[in-house]
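S.K.: output the structure for:
(chains A and B)
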Amino acid sequence: MGASQSGRVHMFQDLADKTGFSIEQINNLRNRFMYLTQDEDTLRREHLENISNLALNPIRRQIIEAFFDKRNLGEKEKGCLQEIGFEEFVMVLSFFRPPKPRTSDEEMKNIKKEKLRFLFNMHDTDNDGVITLDEYRRVVEELLSSYETIGAETAKAISDAAMLEVASVTVGQMGPDEFYEGITFEQFMQILKNVEIETKMNIHFWNLDKRTMQCGK
Amino acid sequence: MASSVYLCLLRAVFLVCFVNPLIQGLSEDESVFQNPHHQQEENLTGLPIVTFKWHHVETPYLVIIWVFVAGLAKLSVVELNHHVISVVPESGLLIILGFILGGIVWGADRAQTFKLLPPTFFYYLLPQIILDASYFMPNKLFFSNLGAILIYAIFGTCWNAATVGLSLWGCYEAGVMGNLDIGLLQFLLFGSLIAAVDPVAVIAVFEEVHVNEVLFILVFGESLLNDGVTVVLYNVFDAFVALGGPRIDAAEIFKGIFSFVVVAFGGSFLGIGFAILLSLLTRCTKHIQIIEAGFVFVVGYLAYLTAEMLSLSAILSITFCGICCQKYVNANMDEKSVTTVRHAMKLLANGSETMIFLFLGVTAIDTEIWVWNTGFILLTLLFVFIYRIIGTFLFTWMLNKFRLVPIEVIDQVVMSYGGLRGAVAYGLAALLDEDKIPEKNLMISTTLIVVYFTVILQGITMKPLVQWLKVKRAAHSDLKLIEKLNNRAFDHILAAVEDICGRIGDNWWTRGWNRFEENYISWLLMKPKARKNRDYLFSIFHKLNLEDAINYVSEGERQGSLAFSRSDEAANVDFKKQFGSEFADVMPNIMVDMSNYELGIEHFSVTSIVKDTIPSVSLDIHGQDRKNAMDDINAHHLLQQHLYRSRKHHRHKYSRSHFSINQNEDEVQEIFQRTMRSRLESFKSTKMGVNPAKKITKHHKKELTHKMPNGHPDGTGHLYGDEEVEGLCVFLPHLIEAGIENPVFLPDMDSPTHSPPWLMETEAVAPSQRAQRRLPWTPNRLRRLAPMRISTCSTDSFLMADVSLTLEEHEEHSQTDHVEM
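M.R.: Alright, predicted model coming up:
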């Protein structure tokens, strides 16, 4: 018992170094993880899908998918996993960790890039490094699906218009025979450069406690 | 520069000539003025033809003269700013101009006859400014920073009032100010009135500086709410002063705090109540659209006055009324009324802002109020400045412990430096009761100096400071739609991750509130129809579309050829004849689709096939048009002008409640037929070998539109004839011939051809000339309009499906266009 305890502490320490969470946060997340998986060691999609609050989220599919996306787990290869362990879970969540106070500009830039990469991967479902119009449309459609008054057609029109906007800004005047493939990561960074993602894509992790842990299921 | 100098001179002359007699009118000795009048009447024998009745119109006349002068002042200040310097903020310049005007009045009268009196200020000048600020408050930003704003507004204000008051009192006790008749309570009262950070002054300066949005909302929200808080605090201390020092015990203090809470929150809730009333009211103003805009002002003012009557905080009341109602009111009212409200609001707010600053200057030129006490004045300035800084840093430090994104030090500096004092402080100082506060004049003059110091000096240095500190400015972005989309997705992602982590966070609350709001509040306060359209993203989309359409039209007009605006059909004929499938410009394809949204949302789908690498082929084409189509244009132009004009002359009517005129069915029908005929004729003369359609009938068009959805490219050849004959620019995609796929510019092949709106009109309505303008040829300019196409994917037929439903709207539109011709 004692050995496994210390082994866990060690593992937590590793994770903490890797992700930047504090031990306490990781502990909290561990509890939450066990709660979600009902004390199994791996998390599967249906575990996340069972979260009741999430059911109302129009883009839950993509978000859940992001947890199983190998690209977000620091691996080179592409594709999806069927189940993830705690380590992966924490790693995905670490994208939402607020940057530490007094981070240098350089680090801030990296953090920003990582966060953007996460978002980009979420949109780029087929892993080809480009968000095609098709992919983007699907996102927008899902995004707007909770508003029953906006039909699929409008969603389509909106996504088209948004895409066109991107094209006109990033590519400028397109030649007549150019084919706009879609948004590449560079363009993605360009269009979101004004959104201070490093300050927005953050969640408080520090006051997770047992009580709130039980919510949402 | 020169012009503004002239303006100033002109106004000076004007003032000397006109205001001088007016001033006499204001002077207490009214009988002096009455007498000549009577004499005049007595001298006249028989019936007077005209009489000079100055005292009849005196008050309104003076008011309006001053409004006029203020308008001129604003004009000259803006001109001056524009031409010479943008160093001094407008508010500062207006105050300085006020000095000059005040000097003129004083020179003429040896006394300051015009002053900014507190009742005028609080009842007639302030409400619209507050209403404007709150009505245009960026709600999401405001509420997401509400915690910080409240902390600054409530605790910050109390802190400022207390520390300034106490420090001044301490210095007084230490003997720095000599002999004054002021006690501790009076000092606290003074501290509370000087703690009011003025939204007017702050906005005036910050708007010019363009700081980042969080900083802006913090300063702006704080100054707006802290006005309310200051007034409440002022009233509490005023009551204490009236009560007198010895009679204040713990119970009274407790009562004071309690009343503070009640007054502040009571006012806020009252405002929310009025916002609900207003929203409900605008739900059912469909039939009185012409006056519905007025309700916003009336109810807002009512909220203000009611709160005043109940001795609740009027400023907070009107603030929350504006903040809460904006969404529902904007959704419920007709788009035109929304525009009306917007403009009227800005007009009123801007106007009274100008008046306020001007009078802050004018008021200063008066020997009566100036009492100098170096110690008091300088120390006040110092304390106001220092405690503002200390307070900001203190509260930010506390806030930063809880904030996800800490407020940076630089922002804190700007926030503390942005503590401009303004008219509210002066108004409160002028409200002081001289019996209770013997040193009232000293307080007024100190307040004025603080106001001048902060508005002018801090205003001037604000911009350099912001630049020097490299404060994050508001980022300007061209990407509007995608930004909103991303933000939306973002909110959902954050909420989802919070769910997964099992934490109830800010996003959880926001989402919970949104859901509640959507389900219940919107249901209650919004028209069902408006509810459908209220989605924020959608409205952005709509707005951008409209913007693009307008840009496009004005672009066309700027590029200027008559051909652009007048002879589309001819242009197209020539264009095709000449270039065929080899050359292609942007092929306009206007699709007005309104059915889903009933609001008149227009999707313009720009489609194009561009083979030529020069994007501005259109210029050539225009050249061609002009030559070839001149006769044609002239003919039609003449005919139309003639037709329309004669009708208009005879049918002009006045209506108090409707703008539109000349919408007679028969007449429109007739015009349509005539123009159509003329087009047919002109067409025949230019184009050979096509079978002109003899009649323009419903049937024909139905057929046409039915044919399109099948999307046979080979059908295009035949259809040309019909289209051109009709003089309508339906372009069919030349996709096959062009053989190039550029998803941005490609038309939807599989989708039905998007016939322009006028083609859809099965009723015989003359196609409006305006609607027939070509779409822009540089896709760059029209970023959002075109639906794109993915090569693999066969796309939407939604465009067509909606058409039949929209006929009525189209008709309406083109009719209005029509009338405008």
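S.K.: what about the stretch 651-800 of chain B, any weak spots by pLDDT?
M.R.: Counting by pLDDT under 70, the stretch 651-800 of chain B shows low-confidence ranges at B:651-669, B:671-672, B:675, B:679-800.
S.K.: tell me the buried residues in the helix or strand hosting B:W468?
M.R.: Assessed by DSSP states H and E, B:W468 sits inside helix B:459-469. Buried positions in helix B:459-469, judged by neighbour count with 16 or more other C-beta atoms under 10 Å in any protein chain shown: B:G459, B:I460, B:M462, B:K463, B:L465, B:V466. C-beta here means a position set from N, CA and C on the backbone, and glycine is covered the same way.
S.K.: quick one: contacts of that helix?
M.R.: The contact list for helix B:459-469, computed with C-beta atoms under 8 Å, 6 or more residues apart in numbering or on different chains, reads B:87-89, B:91-92, B:201, B:204-206, B:208-209, B:211, B:410, B:413-414, B:417-418, B:420, B:473.
S.K.: check the secondary structure at B:F297 for me.
M.R.: helix (DSSP: H, G, I helix; E, B strand; the rest coil).
S.K.: burial measure for it, as a count.
M.R.: 17 (other C-beta atoms under 10 Å in any protein chain shown).
S.K.: and it, what does it touch?
M.R.: B:F297 neighbours (C-beta under 8 Å, 6+ apart): B:Q128, B:L131, B:V341, B:A344, B:M345, B:L348.
S.K.: measure it to B:I315 for me?
M.R.: 16 Å (C-beta to C-beta, to the nearest Å).
S.K.: sec struct for the nearest residue to B:P138 once chain neighbours are set aside, please.
M.R.: Among residues not flanking B:P138 along the chain, B:I217 sits closest, at 6.7 Å (C-beta to C-beta, 6 or more residues apart in numbering or on different chains). Judged by three-state DSSP, the three-state class of B:I217 is helix.
S.K.: tell me how many other residues surround B:I217.
M.R.: 22.
S.K.: any idea of the mean pLDDT for the helix or strand hosting B:G351?
M.R.: Following DSSP H and E, one finds B:G351 within helix B:335-364. For helix B:335-364, mean pLDDT rounds to 88.
S.K.: helix or strand right after it?
M.R.: Downstream of helix B:335-364 (by DSSP H and E), the next one is helix B:374-400.
S.K.: quick one: is that following helix near chain A?
M.R.: No: on the criterion C-beta under 8 Å from any C-beta of the partner chain, helix B:374-400 is out of touch with chain A, staying 8.8 Å away.
S.K.: quick check: next helix or strand after that helix?
M.R.: helix B:409-417.
S.K.: quick one: that following helix near chain A?
M.R.: No: contact of helix B:409-417 with chain A (C-beta under 8 Å from any C-beta) is absent, the minimum separation being 11.5 Å.
S.K.: kindly calculate the angle that that helix makes with helix B:374-400.
M.R.: Using axes from the mean of the first three to the mean of the last three C-alpha atoms, to 10 degrees, the inter-axis angle of helix B:409-417 relative to helix B:374-400 is 140 degrees.
S.K.: show me what helix B:409-417 is packed against.
M.R.: Contact here means 3 or more C-beta pairs under 8 Å, 6 or more residues apart in numbering or on different chains; DSSP states H and E; on that basis helix B:409-417 packs against helix B:213-243, helix B:374-400, helix B:459-469.
S.K.: export stretch B:82-100 as PDB, just CAs?
M.R.: What follows is stretch B:82-100, C-alpha atoms only, in PDB (Å, rounded to 0.1, in the frame of the first residue of the first chain):
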ATOM      1  CA  HIS B  82      -9.200  68.300 -36.700                       C
ATOM      2  CA  HIS B  83      -6.900  70.800 -38.300                       C
ATOM      3  CA  VAL B  84      -4.500  71.900 -35.700                       C
ATOM      4  CA  ILE B  85      -4.000  69.800 -32.700                       C
ATOM      5  CA  SER B  86      -5.300  66.600 -31.400                       C
ATOM      6  CA  VAL B  87      -3.400  67.100 -28.300                       C
ATOM      7  CA  VAL B  88      -6.000  68.600 -26.100                       C
ATOM      8  CA  PRO B  89      -9.100  66.500 -25.700                       C
ATOM      9  CA  GLU B  90     -12.300  68.000 -26.900                       C
ATOM     10  CA  SER B  91     -13.700  68.200 -23.400                       C
ATOM     11  CA  GLY B  92     -10.800  70.300 -22.400                       C
ATOM     12  CA  LEU B  93     -11.100  72.600 -25.400                       C
ATOM     13  CA  LEU B  94     -14.800  73.100 -24.700                       C
ATOM     14  CA  ILE B  95     -14.000  74.100 -21.200                       C
ATOM     15  CA  ILE B  96     -11.400  76.600 -22.400                       C
ATOM     16  CA  LEU B  97     -13.900  77.900 -24.900                       C
ATOM     17  CA  GLY B  98     -16.300  78.200 -22.000                       C
ATOM     18  CA  PHE B  99     -13.800  80.400 -20.300                       C
ATOM     19  CA  ILE B 100     -13.800  82.700 -23.300                       C
END
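S.K.: buried residues in it?
M.R.: B:88-100.
S.K.: can you name the two of the residues you listed that sit furthest apart?
M.R.: B:P89 and B:I100 (17.3 Å; C-beta to C-beta).
S.K.: what's the neighbour count on B:G175?
M.R.: Neighbours of B:G175 (other C-beta under 10 Å): 9.
S.K.: hang on, it is in a strand, isn't it?
M.R.: No: the assignment for B:G175 is coil, going by three-state DSSP, so no strand is present there.
S.K.: what average pLDDT does stretch B:90-104 get?
M.R.: Per-residue scores along stretch B:90-104 average to 87.
S.K.: and for it, what's in contact with it?
M.R.: Identification of contacts with stretch B:90-104 by C-beta under 8 Å, 6+ apart yields B:8, B:11-12, B:15-16, B:19, B:69, B:73-74, B:76-78, B:80-81, B:88, B:112, B:114, B:200-201, B:204-205, B:208, B:353-354, B:357-366, B:422, B:452, B:455-456, B:459-460.
S.K.: what is the neighbour count of residue 144?
M.R.: Here I'm looking at chain A. 25.
S.K.: please go with chain B instead
M.R.: Around B:S144 there are 15 residues (other C-beta under 10 Å).
S.K.: what number of residues lie near residue 197?
M.R.: Defaulting to chain A. Applying other C-beta under 10 Å, we find 21 residues neighbouring A:I197.
S.K.: that's the other chain; I wanted chain B
M.R.: What B:V197 shows, counting by other C-beta under 10 Å, is a neighbour count of 30.
S.K.: residues in contact with B:I129?
M.R.: B:P199, B:V200, B:A349, B:S352, B:E353, B:I356.
S.K.: check which helices and strands whichever strand or helix holds B:A161 is in contact with.
M.R.: In this structure, B:A161 is located in helix B:157-173 according to DSSP H and E. Applying 3+ C-beta pairs under 8 Å, 6+ apart, we find helix B:157-173 packed against helix B:184-194, helix B:213-243, helix B:374-400.
S.K.: nearest to A:D17, out of those helices?
M.R.: Closest to A:D17 of these is helix B:374-400 (C-beta to C-beta; 26.2 Å).
S.K.: which helices and strands does the closest one pack with?
M.R.: helix B:157-173, helix B:184-194, helix B:409-417, helix B:440-452.
S.K.: okay, the ones you listed in TSV with mean pLDDT and mean neighbour count next?
M.R.: Shown next, in TSV, are the helices and strands packed on helix B:374-400 (pLDDT from 0 to 100; neighbours: other C-beta atoms under 10 Å in any protein chain shown):
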stretch	mean pLDDT	mean neighbour count
helix B:157-173	89	20
helix B:184-194	87	26
helix B:409-417	85	19
helix B:440-452	88	22
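S.K.: B:I323 is nearest to which of the ones you listed?
M.R.: helix B:157-173 (18.9 Å).
S.K.: hmm, back to that, turn the buried residues of helix B:459-469 into JSON lines, including pLDDT.
M.R.: Conversion of the buried residues of helix B:459-469 to JSON lines gives the following (pLDDT from 0 to 100):
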{"residue": "B:G459", "pLDDT": "81"}
{"residue": "B:I460", "pLDDT": "82"}
{"residue": "B:M462", "pLDDT": "80"}
{"residue": "B:K463", "pLDDT": "79"}
{"residue": "B:L465", "pLDDT": "83"}
{"residue": "B:V466", "pLDDT": "80"}
